[in-house]
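1. Test case, fold it:
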Amino acid sequence: MKIEINDQEYEIDLEQNETVAELIKLLPLELTMNELNGNEKYIFMDKSLPTDEFYPKKINKGDFYLYEGNCLVIFYESFDTTFSYTKIGHINNLPDLGNGSITVKLK
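-> Here you go, the predicted model:
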């Protein structure tokens, strides 16, 4: 899977799980993701995906997760966390995405 963020394309190392399999069935997707906490971009989707949640304890820059079944989250800063997620994959060479919304295309 490829991801395009604000017209720049990046590679995603995907997990092998049911969440990713169902997400791939929805492609192509174009999303506007909003800013949260100065470290992530998120969007609540209309459709829920299967989950396999775990507590990663540490979020790494470039991690791509599903939160609570219907919220896609891209992290652009590393930090410790107490929340649980389902891992979708990792976006390689992700820059700081800054403030504000971003346009994301999954293909």
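2. Leu23 sits in which helix or strand?
-> Using DSSP states H and E, Leu23 sits in helix 18-25.
3. again, but for Asp46
-> Using DSSP H and E, Asp46 is not contained in any helix or strand.
4. so who does the nearest residue to it once chain neighbours are set aside touch?
-> Distances taken as C-beta to C-beta, 6 or more residues apart in numbering put Asn70 closest to Asp46, at 7.7 Å, once the chain neighbours are dropped. Every residue, glycine included, has its C-beta placed from N, CA and C. By C-beta atoms under 8 Å, 6 or more residues apart in numbering, the residues touching Asn70 are 44-49.
5. just to revisit the earlier point, neighbouring strands for the following helix or strand past the helix holding Leu23, and are they parallel or not?
-> Counting by DSSP H and E, the next helix or strand C-terminal to helix 18-25 is strand 29-36. If you go by DSSP bridges, strand 29-36 pairs up with strand 40-44 (antiparallel), strand 102-106 (antiparallel).
6. so can I have a markdown table of those strands showing distance to Tyr65?
-> Output for the strands paired with strand 29-36, formatted as a markdown table (distance: least, C-beta to C-beta, whole Å):
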| stretch | distance to Tyr65 |
| --- | --- |
| strand 40-44 | 9 |
| strand 102-106 | 14 |
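7. right, and the ones you listed - which one's nearest Asp80?
-> With C-beta to C-beta as the criterion, Asp80 lies closest to strand 40-44 of the strands paired with strand 29-36, at 13.7 Å.
8. before we move on, which element is the residue of the chain most remote from its centre in?
-> Distance to the chain centre peaks in the chain at Thr82, reaching 17.3 Å (criterion: C-alpha atoms, centre = their mean). Per DSSP H and E: Thr82 is located in neither a helix nor a strand.
9. show me what contacts the residue nearest to it when sequence neighbours are not counted?
-> Using C-beta to C-beta, 6+ apart and skipping residues adjacent in sequence, the residue nearest Thr82 is Tyr55, 7.2 Å away. Residues near Tyr55 by C-beta under 8 Å, 6+ apart: 81-84.
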